[in-house]
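**Student:** How does the following fold in three dimensions:
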Amino acid sequence: MLAAFVGIFYFLLIRPQRQQQKRHQEMVSSLKRGDDVVTLGGIVGKIIHIKDQQLTIKTGEETRLVIERDKVARKVAPGAEEES
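**Tutor:** Now for the predicted structure:
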């Protein structure tokens, strides 16, 4: 009974979380200059400089932010931005 509980717990919680962490780490390691990204805080910008574990992103006309590489939530696909 205990082994079944541990098995269910592993397949429902631990394994999916590890897979998600692995996909995020692969995405973060593949970031390059010119990629459009969204940070965990919701800031959208374009990568203009990469240095070790820090990225510099351009968010507005001349606004530049230095963020940690791990704080990128996702890449924005080219052409996915809609103009209003």
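**Student:** Would you mind finding the longest helix in the protein?
**Tutor:** For the chain, the longest helix by residue count, based on DSSP state H, is helix 15-29.
**Student:** what comes into contact with the helix or strand just after that helix?
**Tutor:** Of the helices and strands lying after helix 15-29 in sequence (DSSP states H and E), the nearest is strand 36-39. For strand 36-39, contacts defined as Cβ atoms under 8 Å, 6 or more residues apart in numbering pick out 31, 44-47, 55, 57, 67, 71-76, 78, 81. Glycine gets a C-beta too; all of them are placed from N, C-alpha and C.
**Student:** repeat for stretch 40-51
**Tutor:** 31-39, 55-59, 64-65, 69, 71-73, 76, 81.
**Student:** Distance from that stretch to the middle of the chain?
**Tutor:** What separates the centre of stretch 40-51 from the centre of its chain is 10 Å, taken as Cα atoms, centre = their mean, to the nearest Å.
**Student:** What confidence value was assigned to the residue nearest to the spatial centre of the chain?
**Tutor:** When Cα atoms, centre = their mean is applied to the chain, the residue found nearest the centroid is A73 (3.0 Å). For A73, the pLDDT comes out at 95.
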